[in-house]
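1. sequence-free structure coming up:
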C-alpha cells in the first residue's frame, strides 16, 4: 500500500491504529468486507453503528 499521509479529524468513535488515517481505514474496511468506515457518516449516524450502504445513503439524503 502507498504511504498514507492524509490524517484528519475523524468522527468514528472506535479507536484503532488507523483512526484519522483515511486511506488506511478505507483499505482495511474494504479488505475485510466490513462495510463503510464510520468516518463517512455524520457523527449522529456514526453513533448508530450501522455501516451499511443503505445507512450511508439515508445519512446523506440519497434516495435508493
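-> Great, that's in hand. Note that the structure is a prediction, hence the values are computed from the model and not measured.
2. in the chain, where is pLDDT below threshold?
-> Counting by pLDDT under 70, the chain has low-confidence residues at 1-7.
3. if we use 50, what do you get?
-> 1 (pLDDT under 50).
4. ok, longest helix in it?
-> Longest helix in the chain by number of residues (criterion: DSSP state H): helix 22-31.
5. might you report the residue contacts of the residue sitting nearest the centre point of the chain?
-> Closest residue to the average C-alpha location of the chain: residue 37 at 2.0 Å, with CA atoms, centre = their mean. Under the criterion of CB atoms under 8 Å, 6 or more residues apart in numbering, the contact list for residue 37 reads 12, 25, 26, 29, 51. Where C-beta positions appear, they are placed from N, C-alpha and C, glycine not excepted.
6. let's see that with 7 Å instead.
-> For residue 37, the contacting residues are 12, 25, 26, 29, by CB atoms under 7 Å, 6 or more residues apart in numbering.
7. what secondary structure does the first one sit in?
-> On the three-state scheme (DSSP: H, G, I helix; E, B strand; the rest coil), residue 12 is labelled coil.
8. check contacts around it.
-> With CB under 7 Å, 6+ apart as the criterion, the residues that contact residue 12 are 19, 37, 38, 39, 46.
9. make sure the third one is actually in contact with residue 14.
-> Just to be clear, that refers to residue 38. Yes: contact between residue 38 and residue 14 holds when scored by CB atoms under 7 Å: they sit 6.3 Å apart.
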